[in-house]
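Enquirer: Starting from these lines, generate the structure:
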Amino acid sequence: MKELTVNKRKLKLVEGNIVLLDVEALVNAANKSLVLGGGVAGAIRSYGGPSIQEECSKIGPIQVGEAALTNAGNLKAKYVIHAAGPVSGEGAEEEKLHNATLNSLKIAEERKIKDIAFPAISTGIFGFPIEKCSEIMLKAAIEFMEKHDYPQEIIFCLYGLEAYSVFEKTLEALT
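Expert: Numbers count the residues shown, from 1 in each chain. I've put the predicted structure just below:
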């Protein structure tokens with residue numbers, strides 16, 4: 001685990017399955033239709049139960065770069081924040097990923113959510129390069145923490161040691 005302190009708040013990198021974390025909110029790497037398919041969304045559906053998709057179906061679709069809040073069903077978390085990430089090649093992906101990260105953090109701030117966990121948004125079937133993802137998401141999180149009181153802890157939960165290593169190298173380069 002790698003950790004950084006920003007304004008008395010913590011930014012952490014962990015390797016593992018995001019749906020198993022005991023945090024107040026976890027972020028889903030969502031599609032704009034908010035249909036819980038594969039990857040992180042599939043794990044959320046499997047572990048969290050049908051109530052999350054039921055709520056998503058009432059909210060969606062949303063624009064790429066936006067985020068929406070639902071219950072977390074049977075997960076340890078209280079909330080799921082669905083961040084609609086870009087598909088590689090659709091155009092303006094970097095801006096859209098930045099916005100998806102920022103909009104998730106804004107929801108956490110509005111709700112005074114203490115701790116939030118992010119996956120590497122858009123790096124699975126959406127094909128966004130993980131190196132670029134780590135730069136965009138970590139910079140957005142650090143800048144947000146410098147100006148806001150919530151969330152008090154931001155965790156990047158990376159699935160697999162390869163993804164964790166990329167985020168670790170990026171974090172070291174940024175600090």
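Enquirer: Would you confirm that Val64 belongs to a helix?
Expert: No - counting by DSSP: H, G, I helix; E, B strand; the rest coil, one finds Val64 to be coil, located in no helix.
Enquirer: Surely it touches Gly85?
Expert: Yes - judged on C-beta atoms under 8 Å, Val64 makes contact with Gly85 at a distance of 7.0 Å. C-beta coordinates here come from the backbone N, C-alpha and C atoms, glycine included.
Enquirer: Between these two, which contacts overlap?
Expert: In terms of C-beta atoms under 8 Å, 6 or more residues apart in numbering, Val64 and Gly85 are both contacted by the residues Lys96, Ala100.
Enquirer: neighbour-wise, which of the two wins?
Expert: More neighbours surround Gly85 than the other of Val64 and Gly85, with 31 against 24 (other C-beta atoms under 10 Å).
Enquirer: got a pLDDT number for the more buried one?
Expert: If you check Gly85, the pLDDT there is 96.
Enquirer: Contacts only, for it.
Expert: So Gly85 contacts Ala29, Ala30, Asn31, Val64, Lys96, Leu97, Ala100, Ile121, Ser122, Phe126, Phe128 (C-beta under 8 Å, 6+ apart).
Enquirer: All the strands of this protein, in order from the start?
Expert: Remark: strands assigned in the chain by DSSP state E are 2-6, 9-15, 25-30, 67-71, 79-84, 115-118, 153-158.
Enquirer: follow-up on the earlier one: tell me the one of the contacts of Gly85 nearest Glu110?
Expert: Glu110 lies nearest to Ala100 out of the contacts of Gly85, by C-beta to C-beta, at 16.1 Å.
Enquirer: give the contact list for the residue nearest to that closest one when sequence neighbours are not counted.
Expert: The spatially closest residue to Ala100, leaving aside those adjacent along the chain, is Ala83, at 4.0 Å (C-beta to C-beta, 6 or more residues apart in numbering). With contacts defined as C-beta under 8 Å, 6+ apart, Ala83 is in contact with Val27, Asn28, Ala29, Ala30, Glu66, Ala67, Ala100, Thr101, Asn103, Ser104, Phe118, Ile121.
Enquirer: a markdown table for those residues, including pLDDT and neighbour count?
Expert: Output for the contacts of Ala83, formatted as a markdown table (pLDDT from 0 to 100; neighbours: other C-beta atoms under 10 Å):
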| residue | pLDDT | neighbour count |
| --- | --- | --- |
| Val27 | 98 | 33 |
| Asn28 | 96 | 32 |
| Ala29 | 94 | 25 |
| Ala30 | 95 | 30 |
| Glu66 | 98 | 17 |
| Ala67 | 98 | 23 |
| Ala100 | 98 | 31 |
| Thr101 | 98 | 26 |
| Asn103 | 98 | 19 |
| Ser104 | 98 | 31 |
| Phe118 | 98 | 27 |
| Ile121 | 97 | 25 |
